[in-house]
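Undergrad: pasted the sequence and its predicted model underneath.
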Amino acid sequence: MSDAAIDPRSITPAHDGTDAEAMPVFAVERRILGVPVSVWPNILAPLAMGVLFLAGWEFMVRYKDIPPYVLPGPILVAKTLVADWDTLSTSLWITLRITFAALIAAVSIGVALAIIFTQSKWLDKSLLPYAIILQVTPVVSIAPLIIIWVGDINLSLLICAWIVAFFPILSSTIIGLNSVDHNLLNLFQIYGASRWQGLRYLRLPAAMPFFLSGLRIAGGLALIGAVVAEYVAGSGGSASGLAYRILEASYQLKIPRMFAALVMISLTGIAIFLVTSFVSHLALRRWHESALKREN
Amino acid sequence: MTTSAGAHSPALPVGGEAARPLISIKQITKQFANGTLAVRNVNLDLRQGEFVSLLGPSGCGKSTLLRLISGLSQPSAGVIDWPLNPHDTEGHAERDRDLGFVFQDPTLMPWSRAIGNVAMPLILKGMKKSEAHERSAEMLALVGLKGFENSFPRELSGGMKMRVSIARALVTRPRILLMDEPFAALDEITRHRLNDDLLELWWKNRFTAVFVTHSVFESVYLSQRIVVMAARPGRIMADLDVSAPYPRSETFRTSPIYADLCRLASDKLKEAIQA
């Protein structure tokens, strides 16, 4: 045997002795304008569809001579958006403030409750059903009550939006905190890790992907919650968010303005989704399966 | 019980401790809540520095035995004694906190780089991060992963992940390393390499190695002593002495002694399966 001459003990273990050649290969893609080639269709296809749809809409409005108070064409909506920008942007700012305040409250209270629930089985058992009740009760039906009880209109809107947004954060974080590899828990037990160490080094990082997917849902829901609550409060007349602008425009039959406000709400929702998705991508790109692209 | 502390044993216990094993398993029985007898009346002494394989069919309680030694589960009856450690007033020995455990899966934290995974046991003991990382880098170099300190587990191959796992188990410089079929999921070439590297680590560091496997060849190649177990209920059938000298290498794999030992272990395993 030729290997008789070589004593494996005389060589240090494996500079090359690892099966390094079996390392996974990650795709390195060509980029155009900083965006990977394979992502471009995801941008271009819906964009083309949107343009096609808007063109068809404008054409129908002109061809059938539909009056603007029934259905304004997209060009008129865009013009209104520009013309009424001052009023609308002020309202957008108000709605956004409520949305983000609610989202921040949802994240902090949702994560805190999730941690408490996973630390104590009894608190989990006794409080989780009420969190679910809060979630399944339509916010429209409790918004008037909250507005009456709380008095301060901004705070009531915040509470309504929070109620809608916090549950996805709570439930996904609970699942995440409980989804730790059982053997890793065993390992921490062997090394005598404290509860706090287990939380900090194991459960919280493991919960990250779950929390982030909850956050993406909660972002959109916070906006919806804020808008719905504004609708309810709007009849009280003291709010001036985007929903109130829509109500106001509909009373005055300013349909193009209704559409303009609607477009702003939709764009805001899309922007929130993109931002939360981007945050999630940044947080997970190095380690999580969902953020990796394999060469096969 | 036969003794394997032959002339070639690299890890003779020092001086007067020779008579006392590192771990003494006495009349251990483990019954699960569903009534299954995982192990019954098992007696086993593990001497300091020896390499022991637990060989047996699935369900023979070899993994259960590892969990009992590590303290992850408690015996239904019997005692696991650590004769060298301090005992409390009731005669219970303190078990080593510093024990290495390698699972069948690498069991790495996917969000943490290789160095962070290896450093975790030290961090949990309250070591400063800079010091823990320094020691972990040394350990990673010892398992052949110099230059991969900052790789995430997802970026490593199966064998490399297992190396990280071994480095993590050894970073606290434990007296005992428990391994639960660590290489079962790897391809044969990688497994052979890791076997050799594991032997070298053991040779240099002289920890007690307890290696659970269902492979006759792996157990013969690695160990000084093979404990053959039978299932239902889990019990010890034979305690074989592997008297071949170390260092062992590819030449050993092709030698007649190796073939004889494999045949012997195979026969015992067959008996254990039929028992």
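TA: Thanks, I have it. These numbers come from a predicted model, not from an experiment.
Undergrad: leaving out the residues flanking it, which one is nearest to the most centrally placed residue in chain A?
TA: Centroid-nearest residue in chain A: A:Arg216, 1.7 Å away (criterion: Cα atoms, centre = their mean). Distances taken as Cβ to Cβ, 6 or more residues apart in numbering or on different chains put A:Thr276 closest to A:Arg216, at 4.5 Å, once the chain neighbours are dropped. Backbone N, C-alpha and C define where each C-beta goes, glycine included.
Undergrad: same deal with A:Met258?
TA: Closest to A:Met258 by Cβ to Cβ, 6+ apart is A:Ala249, at 4.4 Å.
Undergrad: any weak-confidence spans in the chain?
TA: Here I'm looking at chain A. Within chain A, the segments meeting pLDDT under 70 span A:1-21, A:26-28, A:235-239, A:289-296.
Undergrad: oops, wrong one, chain B.
TA: Applying pLDDT under 70 to chain B flags the ranges B:1-19.
Undergrad: now the strands for it?
TA: With DSSP state E, the ranges of strands along chain B come out as B:23-31, B:37-46, B:51-55, B:77-81, B:99-102, B:176-180, B:208-213, B:225-230, B:235-241.
Undergrad: which residues are in contact with the third one?
TA: Outside strand B:51-55, the residues within contact range by Cβ atoms under 8 Å, 6 or more residues apart in numbering or on different chains are B:11, B:46, B:62, B:65-66, B:199, B:202, B:208-216, B:218-219, B:222-229, B:265, B:269.
Undergrad: what comes up buried for it?
TA: Across strand B:51-55, burial judged by 16 or more other Cβ atoms under 10 Å in any protein chain shown covers B:Phe51, B:Val52, B:Ser53, B:Leu54, B:Leu55.
Undergrad: and the longest one, by the same measure?
TA: By neighbour count on 16+ other Cβ under 10 Å, the buried set for strand B:37-46 is B:Leu37, B:Ala38, B:Val39, B:Arg40, B:Val42, B:Leu44, B:Asp45, B:Leu46.
Undergrad: still on that earlier bit, isn't the residue nearest to A:Arg216 up against A:Gly214?
TA: No: A:Thr276 sits out of contact with A:Gly214 when judged by Cβ atoms under 8 Å, with a separation of 9.9 Å.
Undergrad: how far off centre is whichever helix in chain A runs longest?
TA: Ranked by residue count and defined by DSSP state H, the top helix of chain A is helix A:85-119. Remark: helix A:85-119 is offset 11 Å from the chain centroid, using Cα atoms, centre = their mean, to the nearest Å.
Undergrad: just stretch B:111-122 next, same as before
TA: Worked out by Cα atoms, centre = their mean, stretch B:111-122 lies 21 Å from the chain centre.
Undergrad: same check, this time on stretch A:163-180
TA: Stretch A:163-180 sits 13 Å away from the centroid of its parent chain (Cα atoms, centre = their mean).
Undergrad: what does stretch A:59-73 give?
TA: 35 Å.
Undergrad: about what we covered before: quick one, which of A:Thr276 and A:Gly214 is more surrounded?
TA: More crowded of A:Thr276 and A:Gly214, by other Cβ atoms under 10 Å in any protein chain shown: A:Gly214, with 29 against 20.
Undergrad: helix or strand for that one, which one?
TA: Following DSSP states H and E, the helix or strand that holds A:Gly214 is helix A:204-234.
Undergrad: what angle do that helix and helix A:85-119 make?
TA: In terms of direction (axes from the mean of the first three to the mean of the last three Cα atoms, to 10 degrees), helix A:204-234 departs from helix A:85-119 by 130 degrees.
Undergrad: what ranges does chain A have for its strands?
TA: With DSSP E as the criterion, chain A has strands at A:31-32, A:35-36.
Undergrad: can you tell me what sits against the first one?
TA: If you take Cβ under 8 Å, 6+ apart as the criterion, strand A:31-32 is touched by A:Val37, A:Trp40.
Undergrad: now the phi/psi pair for B:Ala244, please.
TA: Phi and psi for B:Ala244, reported as degrees, to the nearest 10, are phi -70, psi 140.
Undergrad: okay but it is in contact with B:Leu261, surely?
TA: Yes: between B:Ala244 and B:Leu261 a contact is recorded at 6.8 Å, counting by Cβ under 8 Å.
Undergrad: which parts of the stretch 1-150 of chain B sit against chain A?
TA: In this structure, the stretch 1-150 of chain B approaches chain A at residues B:70-72, B:97, B:99, B:101, B:103, B:105, B:107, B:109-112, B:120-121, B:123-125, B:142-146, B:148, judged by Cβ under 8 Å from any Cβ of the partner chain.
Undergrad: got a ChimeraX select line for the buried ones in those residues?
TA: Burial among those is assessed by 16+ other Cβ under 10 Å; the matching ChimeraX selection reads:
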select /B:70,72,99,101,103,105,107,109,110,111,112,120,121,123,124,142,143,144,145,148
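Undergrad: run through the helices of the chain in chain order.
TA: Using chain A here. For chain A, the helices defined by DSSP H occupy A:40-63, A:74-83, A:85-119, A:121-136, A:139-150, A:153-177, A:182-190, A:195-197, A:204-234, A:242-251, A:255-284.
Undergrad: wait, I meant chain B there
TA: B:62-70, B:114-124, B:129-142, B:158-170, B:188-205, B:216-222, B:250-253, B:256-274.
Undergrad: and the stretch 151-296 of chain A, which of its residues are near chain B?
TA: Proximity of the stretch 151-296 of chain A to chain B, by Cβ under 8 Å from any Cβ, involves residues A:181, A:183-184, A:186-193, A:197, A:201-202, A:205-206, A:208, A:286-289, A:292.
Undergrad: run the last query once more with 10 Å
TA: By the rule Cβ under 10 Å from any Cβ of the partner chain, the part of the stretch 151-296 of chain A lying against chain B is A:180-194, A:197-198, A:200-202, A:204-206, A:208-209, A:283-284, A:286-289, A:291-292, A:294.
Undergrad: what residues of stretch A:144-162 count as buried?
TA: By 16+ other Cβ under 10 Å, the buried positions in stretch A:144-162 come out as A:Ile146, A:Ile147, A:Ile153, A:Asn154, A:Ser156, A:Leu157, A:Leu158, A:Ile159, A:Cys160, A:Ala161, A:Trp162.
Undergrad: list the contacts for the residue nearest to the fourth one when sequence neighbours are not counted?
TA: Nearest non-adjacent residue to A:Asn154, counting by Cβ to Cβ, 6+ apart: A:Ile98, 6.9 Å away. For A:Ile98, the contact set (Cβ atoms under 10 Å, 6 or more residues apart in numbering or on different chains) comprises A:154-158, A:160-162, A:222-223, A:225-227, A:229-230, A:239, A:241.
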